[in-house]
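> here are the coordinates; sequence isn't available:
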């Protein structure tokens, strides 16, 4: 007789036909039991993440900061079960105190290897693989505190968060920034707007219409502490402020601490990381960019990113040189020649000078190139770029001096690329690039479905993280923005979103995002972002790790997320469950409080979400300086 026909506790044989129903019953019972256990565990108390963080400031006052209440609702595989499925463990130690302001691709020491001409040394120069594999967590400075909430943050920031007082001395006359006690104050002054950014913007508003919604996106080159962009927020104009990384002044860092959109960047040898026809306005207020030099190559780049009909605004040298030449310590002849050169470059771009009044000059880009082409003399004027030039290719792409043509039109009154609706109608309307079919695979119907999808997703996010949509978060980044649906669904909240379109994405959607009246940048997440540590309050990543799986190490991407996220900032990652298992393990090594939760459509979806909060910790307090006793002399 076959021994397998005996039961474990019975010497008598049991026919196999009688054993199967009992086996099925046992399997069904166990499945039901585990499901009920999971349902119980999903309501278990993950409330350890719901805490009050007590932060002691240098002046011995106590600040209470609300952490988000994360209501985790996971599927029947509880988070503990999920973690057990992956055996790989990670441990990322804390970096030394000298890394508190670490910006890998704009490192001041590395930049000295590159040419100083044309500011090339201040461009992105990332460490090569193996040269600097930093596998540690960048520390906040000792005494770091949660930034003030918007709109108060526009005018005040903690000194401990950006401990640099150089600008308070260098720009004291211009009233950029003032230091008092344990905080900085931003009066809104600027070199060319001594009466404040608000009054300066009012002066611009007398020359072009800033109120009807036709102007929504702006670029501020050489932004300083970004007061121009900060004060435009109240006018429903969103400004992306841009300045190079300073060795000490930390201008972009101040902008981000204030809750103003900003990136580290410079006009040098590469295109800015934006699509063509992105901005309604580009602005320079004594930004010290040599616009007329190098065959006008920098103004040529401004033309590429300006939408047809957009404006370029210049104040500062050489505008109104007759009044200011002594203060600028330059001769009238020198300034007059510079302005003549700028006028010549603008003319070669087919721009029309609208007005020059007092300290402000404004040019306008034509709405199409019909007149520009018919009047162009190829022997003397700036030639058009050839059809092989992709106007939206802007990641490590060399600047060109040829004029980038705008889309063709059939008559002089037609706007190249399509007319944009005024804000806020612009946000919901189908972007012209999608309506005209220039984004492969994206249709008007698909765009509308994506909008509805995000109107469903955001309420689900807010159920899990009850601080999303409140003043707790201000600076957000969407690491794989697609059509900008995440940002669009949050537009009525007191936040701004940096929409990132990875250069590895299947389709380039960043131009459509700008046509919606939102902002963003191209980026490769295998490299560090052009921003300071502690830039963002919340990071969102949709299918990002599936996109980069096999392209670079996932832990390197997450270490970069940790670098740019503020203490007690939040993370939302949505991806396939198998990918999230790896991500969860890495999150544990970063000491994030995290858990995997269900998709908004329920537990049967393979796509899951990881919600996390970065813990509060800082660099240790500096050691007290040793005391030296004087030697007694006889």
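Yep, it's here. None of these values were measured; they are calculated from a predicted model.

> moving C-terminal of the helix or strand where residue 371 lies, what's the next helix or strand?
Assigned by DSSP states H and E, residue 371 falls within helix 370-375. Going down the chain from helix 370-375, the next helix or strand is helix 425-428, by DSSP H and E.

> the domain parsing of this structure - what is it?
152-377, 423-614 (the TED database).

> Name the residues that touch stretch 368-388?
296, 300, 308, 348-350, 366, 391, 400-406, 409, 411-412, 414-416 (Cβ atoms under 8 Å, 6 or more residues apart in numbering). Where C-beta positions appear, they are placed from N, C-alpha and C, glycine not excepted.

> Let's see that with 10 Å instead.
295-296, 300, 303-304, 308-309, 345, 347-351, 366, 391, 400-417 (Cβ atoms under 10 Å, 6 or more residues apart in numbering).

> Mind giving me the ChimeraX select for those, buried ones only?
Of these, the buried ones go into a single ChimeraX selection, burial set by 16 or more other Cβ atoms under 10 Å:
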select :296,300,303,304,308,309,345,348,349,350,351,366,391,403,404,405,406,407,409,414,415,416,417
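
> Residue 541 - that's part of a strand, no?
Yes. Read with DSSP: H, G, I helix; E, B strand; the rest coil, residue 541 is one of the residues of a strand.

> That one: how many residues sit nearby?
24 (other Cβ atoms under 10 Å).

> measure residue 427 to residue 510 for me?
16 Å (Cβ to Cβ, to the nearest Å).

> Tell me which of the two has more neighbours.
Regarding residue 427 and residue 510, a neighbour count based on other Cβ under 10 Å identifies residue 510 as having more, with 28 against 18.

> Counting by contacts, list what the host helix or strand of residue 256 packs against.
Following DSSP H and E, one finds residue 256 within helix 251-257. On a contact count with 3 or more Cβ pairs under 10 Å, 6 or more residues apart in numbering; DSSP states H and E, helix 251-257 meets strand 156-158, helix 227-232, strand 238-243, strand 262-264.

> In JSON lines, list the ones you listed along with distance to residue 341, mean pLDDT and mean neighbour count.
As requested, the helices and strands packed on helix 251-257 are arranged in JSON lines below (distance: least, Cβ to Cβ, whole Å; pLDDT from 0 to 100; neighbours: other Cβ atoms under 10 Å):
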{"stretch": "strand 156-158", "distance to residue 341": "39", "mean pLDDT": "97", "mean neighbour count": "21"}
{"stretch": "helix 227-232", "distance to residue 341": "25", "mean pLDDT": "96", "mean neighbour count": "26"}
{"stretch": "strand 238-243", "distance to residue 341": "23", "mean pLDDT": "97", "mean neighbour count": "26"}
{"stretch": "strand 262-264", "distance to residue 341": "28", "mean pLDDT": "98", "mean neighbour count": "26"}
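
> Pull up the gap between the closest residue to residue 530 other than its chain neighbours and residue 128, please.
The shortest distance from residue 530 to any non-neighbouring residue, by Cβ to Cβ, 6 or more residues apart in numbering, is to residue 264 (4.3 Å). Taking Cβ to Cβ as the measure, residue 264 falls 19 Å from residue 128.

> Kindly report the same for residue 389.
Taking Cβ to Cβ, one finds residue 389 at 29 Å from residue 128.

> who has more neighbours, these two?
Ranked by neighbour count (other Cβ under 10 Å), residue 389 and residue 128 place residue 389 first, with 14 against 7.

> List the residues that contact that one.
By Cβ under 10 Å, 6+ apart, the contact list for residue 389 reads 304, 397, 400, 402, 404, 405.

> next one: residue 273
Applying Cβ under 10 Å, 6+ apart, the residues contacting residue 273 are 124, 242, 263, 265, 305, 394-397, 500-501, 503, 510, 520-524, 530.

> Quick check: the gap between the residue nearest to residue 530 and residue 103.
7 Å.

> likewise residue 348?
36 Å.

> Look at residue 213 and say how many residues are nearby.
Neighbours of residue 213 under the rule other Cβ under 10 Å: 18.

> again but with residue 437, I slipped
11.

> Need the nearest residue in space to it, chain neighbours excluded.
Excluding the flanking residues, the one nearest residue 437 by Cβ to Cβ, 6+ apart is residue 443, at 7.8 Å.

> For residue 202, pull up the helix or strand it's in.
Residue 202 belongs to helix 197-205, assigned by DSSP H and E.

> Could you list which residues are in contact with residue 105?
Here residue 105 is in contact with 111, 123-127, 245, 264, 527-531 (Cβ under 10 Å, 6+ apart).

> which residue packs closest to it, ignoring adjacent ones?
That would be residue 126: by Cβ to Cβ, 6+ apart, it lies 4.1 Å from residue 105.

> Distance of that neighbour relative to residue 101?
If you go by Cβ to Cβ, the gap between residue 126 and residue 101 works out to 17 Å.

> The residue nearest to residue 349 when sequence neighbours are not counted: what's it in contact with?
Excluding the flanking residues, the one nearest residue 349 by Cβ to Cβ, 6+ apart is residue 303, at 4.9 Å. Listed by Cβ under 10 Å, 6+ apart, the contact partners of residue 303 are 276, 282, 296, 310, 312, 345-346, 348-351, 363, 365, 382, 403-404, 406.

> from the residues you listed, which ones fall inside helices?
Residues of the contacts of residue 303 located in helices (DSSP state H): 345, 346, 348.

> Return the closest of those with respect to residue 116.
Residue 116 has its nearest neighbour among the ones in helices among the contacts of residue 303 in residue 345, at 23.4 Å by Cβ to Cβ.

> quick one: that closest one and residue 131, what's the gap?
Counting by Cβ to Cβ - residue 345 and residue 131 are separated by 39 Å.

> Give me the phi and psi for residue 478.
phi -110, psi 110 (degrees, to the nearest 10).

> looking at it, it is touching residue 543, isn't it?
No. Contact criterion Cβ atoms under 10 Å: residue 478 and residue 543 do not qualify, at 11.5 Å.

> more crowded one of these two?
Taking neighbours as other Cβ under 10 Å, residue 478 and residue 543 compare with residue 478 leading, 26 against 17.

> Any idea how many residues pack against residue 88?
Residue 88: 9 neighbours (other Cβ under 10 Å).

> Then residue 470?
15.

> pLDDT wise, what is it at?
Here the pLDDT value assigned to residue 470 is 94.

> Tell me which residue is most central in this protein.
The residue lying closest to the centre of the chain (Cα atoms, centre = their mean) is residue 498, at 3.5 Å.

> for that one, helix, strand, or coil?
strand.

> so what's it bridging to?
Taking DSSP bridges as the rule, residue 498 bridges to residue 477.

> next one: residue 240
Note on residue 240: beta-bridge partners residue 219, judged by DSSP bridges.

> Now do it against residue 200, distance only.
18 Å.

> The residue nearest to residue 139 when sequence neighbours are not counted: what's it in contact with?
Excluding the flanking residues, the one nearest residue 139 by Cβ to Cβ, 6+ apart is residue 619, at 4.0 Å. By Cβ under 10 Å, 6+ apart, the residues touching residue 619 are 94-100, 138-144.

> Understood, closing this out.
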